[in-house]
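Chemist: Here is my input, please return the structure:
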Amino acid sequence: MKHAGHALKVHPAACDVPGRATAHVDDLLVQIAHGSSEALGQLYDLLAPLLLELLRSRLPEGADARSALVGGFSEVWRQAPSYEPGPHGLDWVIDQVTDGR
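Modeler: Here you go, the predicted model:
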């Protein structure tokens, strides 16, 4: 791409990061649905910091957010066979983790 006689660098991969992250969550959920505890661990490592902060903001003061997070990931494990693959994987995980609190 050129602008005023100068070549501009375009980094198309930078635009794809959210899509790749979404696809990665979806891939992990499909693997979990097929019984992969390793994929569950990877999903936990990927999303636990975000979900822990989300739980802390939603739970009453003094509630154990870490315990709720573990319970939420147990729910992800149990419900994964009902997961319908698609671009909504992160939303699905958030629902599983926060609805079971």
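
Chemist: residue closest to the middle of the protein?
Modeler: Among the residues of the chain, the smallest C-alpha distance to the mean C-alpha position (CA atoms, centre = their mean) belongs to residue 90, namely 4.1 Å.

Chemist: Now do it against residue 34, distance only.
Modeler: 19 Å (CB to CB, to the nearest Å). Using the backbone N, CA and C atoms, a C-beta is placed for each residue, glycine as well.

Chemist: what number of residues lie near residue 94?
Modeler: Residue 94 has 17 neighbours, counted by other CB atoms under 10 Å.

Chemist: Quick check: buried residues in the helix or strand hosting it?
Modeler: Applying DSSP states H and E as the criterion places residue 94 in helix 89-99. Within helix 89-99, the residues that qualify as buried are 89, 90, 92, 93, 94, 96, 97, 98, counting by 16 or more other CB atoms under 10 Å.

Chemist: Would you mind listing the outside residues contacting that helix?
Modeler: 21-22, 25-26, 28-29, 43, 47, 51, 54-55, 58, 68-69, 72-73, 75-76, 79, 83 (CB atoms under 8 Å, 6 or more residues apart in numbering).

Chemist: try it again with 7 Å
Modeler: Helix 89-99 has contacts (CB atoms under 7 Å, 6 or more residues apart in numbering) with 22, 25-26, 29, 47, 51, 54-55, 58, 69, 72-73, 75-76, 79, 83.

Chemist: Could you give me the PyMOL selection string for whichever of these are buried?
Modeler: Under the burial definition 16+ other CB under 10 Å, those of the contacts of helix 89-99 that qualify are selected in PyMOL by:
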select buried, resi 22+25+26+29+47+51+54+55+69+72+73+75+76+79+83
